[in-house]
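Undergrad: Mind looking at a prediction? Sequence and model below.
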Amino acid sequence: MRAMVLLALVPGLAAAQEFTTQRYTCDRGVEVPATYVNGADQSLAIIHVEGNQITLVNEPAASGARYGWPSDGSTYVWWTKGDEATLYWKTPEGETPLLACKAE
């Protein structure tokens, strides 16, 4: 049900072809489950952090896959490369790494 609502709300995901789920073990023993949705025009990462579900859209990256939310304010950024991922807190002043993670 949640995926159907998501597909209806995000343009370009209506023809989504691939859902992938991965669990990450991070600093301090924190676990971050992530679901990646790859559509024809848009890709998303849905992560669970601090008891919250956070949906982030694919952004340009020099390497790996970077997900954030288009905003002039503060937001999370999830950046993956290979089996590693980093969660950042992004503000207008810059990005602060919060968690370094490795895929299980």
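TA: Right, received. Where do you want to start?
Undergrad: Just give me the residue closest to the centre of this structure.
TA: Geometric centre of the chain, nearest residue: Ala45, 3.3 Å, by CA atoms, centre = their mean.
Undergrad: Specify the beta-bridge partners of that one.
TA: Under DSSP bridges, the beta-bridge partners of Ala45 are Tyr36, Leu56.
Undergrad: heads up, I number from 43, so please use that
TA: Renumbered: residue one is now 43, and that last one reads Ala87.
Undergrad: Below-threshold pLDDT in this protein: ranges please.
TA: Across the chain, the ranges flagged by pLDDT under 70 are 43-58.
Undergrad: ok, back up a step: so how far is Ile96 from the residue nearest to the centre of the chain?
TA: Using CB to CB, to the nearest Å, one gets 8 Å for the distance from Ala87 to Ile96. Using the backbone N, CA and C atoms, a C-beta is placed for each residue, glycine as well.
Undergrad: Over to Ala104?
TA: Going from Ala104 to Ile96 by CB to CB gives 23 Å.
Undergrad: Which one of those two is surrounded by more residues?
TA: Counting neighbours by other CB atoms under 10 Å for Ala104 and for Ile96 shows that Ile96 has the greater number, 18 against 6.
Undergrad: where does the more buried one land in three-state SS?
TA: strand (DSSP: H, G, I helix; E, B strand; the rest coil).
Undergrad: Please verify my assumption that it contacts Ala76.
TA: No - the criterion here is CB atoms under 8 Å, and Ile96 misses it with Ala76 at 9.8 Å.
Undergrad: Quickly list what's touching both of the two.
TA: Ile88, Ile89, His90 (CB atoms under 8 Å, 6 or more residues apart in numbering).
Undergrad: Mind putting those into TSV with distance to Gly124 and neighbour count?
TA: Compiled in TSV, those are given as follows (distance: CB to CB, whole Å; neighbours: other CB atoms under 10 Å):
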residue	distance to Gly124	neighbour count
Ile88	20	20
Ile89	17	22
His90	21	14
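Undergrad: Show me which of these is closest to Arg65.
TA: Among the shared contacts of Ile96 and Ala76, His90 lies closest to Arg65 (CB to CB), at 9.8 Å.
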